[in-house]
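Trainee: Fold the following and give me the result.
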Amino acid sequence: MNNKINTFVNELNKTEFLKNIKVPILDGFTVIDNPNTVFTAVNEDNYIEQFLTDGVIKEEFETHIKNVIEDTKNTMREAELEDVDKSINYVKDYKNNYFDFKVYTQDNILNNNLIRQFNIYFMDSDTNAFFQVSLSSAPFVIEKKDYVQEDLTSSMLMTINNLMDHITK
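Mentor: Numbering: from 1, shown residues only. This is a model prediction of the structure:
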């Protein structure tokens, strides 16, 4: 019985801290069912936008990001992705009127394919809740790595800057 009560209270708490955050769904993206995210949306070019939360955290923001990145790398290794140790890189800090963001790239490489993903981490200082918004490209053959790391990345950076400007309370 206590487990059911704890689960119910945790779900209520999750709903409460999510009420403070508004993350827009990118134009041309459609929400799909993915129960492990706040939302997942895809577009016709197979790009994916995801909004995730770890809920209220007790550790420092930077420490939590390091732990999330380490967990992500472990998951990537389990999936047998390539070059995992070099795959996640800090890009920049970004600030809007509500949040301070940390932006990282993540390259998912498998079977001669590369997916470039941007991970945006931020916290709500009112609730101490931790959030992540990700934007992933469609797969590209590894031979197009230069295009992905230059032209595609530049285009995706413009998109995520616009997205971060519109994440509000």
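Trainee: Okay, helices next: where are they in the protein?
Mentor: With DSSP state H as the criterion, the chain has helices at 2-18, 61-78, 145-147, 153-165.
Trainee: Now the longest one - C-alpha only, CSV.
Mentor: Okay, so that is helix 61-78. Output of helix 61-78 as CSV, limited to C-alpha atoms (Å, rounded to 0.1, in the frame of the first residue of the first chain):
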residue,chain,number,x,y,z
PHE,A,61,23.2,21.2,-11.5
GLU,A,62,26.7,20.6,-12.9
THR,A,63,27.1,17.4,-10.9
HIS,A,64,23.8,16.1,-12.2
ILE,A,65,24.8,16.9,-15.8
LYS,A,66,28.0,14.9,-15.4
ASN,A,67,26.0,12.0,-14.0
VAL,A,68,23.5,12.2,-16.9
ILE,A,69,26.3,12.2,-19.4
GLU,A,70,28.0,9.2,-17.8
ASP,A,71,24.6,7.3,-17.7
THR,A,72,24.1,8.2,-21.4
LYS,A,73,27.6,6.9,-22.3
ASN,A,74,26.9,3.7,-20.5
THR,A,75,23.6,3.3,-22.4
MET,A,76,25.4,4.0,-25.7
ARG,A,77,28.0,1.3,-24.8
GLU,A,78,25.3,-1.2,-24.1
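Trainee: What residues of it count as buried?
Mentor: Neighbour counts using 16 or more other CB atoms under 10 Å place F61, H64, I65, V68, I69, T72, K73, M76 of helix 61-78 among the buried residues. Where C-beta positions appear, they are placed from N, C-alpha and C, glycine not excepted.
Trainee: Likewise for stretch 92-112?
Mentor: By 16+ other CB under 10 Å, the buried positions in stretch 92-112 come out as Y94, F99, F101, K102, V103, Y104, T105, Q106, D107, N108, I109.
Trainee: Quote the end-to-end distance of that stretch.
Mentor: 28 Å (CA to CA, to the nearest Å).
Trainee: Quick check: which of the helices of the chain is nearest to N89?
Mentor: Proximity to N89 (CB to CB) singles out helix 61-78 among these, at 10.0 Å.
Trainee: I'd like to check what contacts that closest one. Which residues are they?
Mentor: Applying CB atoms under 8 Å, 6 or more residues apart in numbering, the contact partners of helix 61-78 are 54, 57, 59, 84-85, 87-88, 102, 104, 106, 108, 119, 121, 123, 130, 132.
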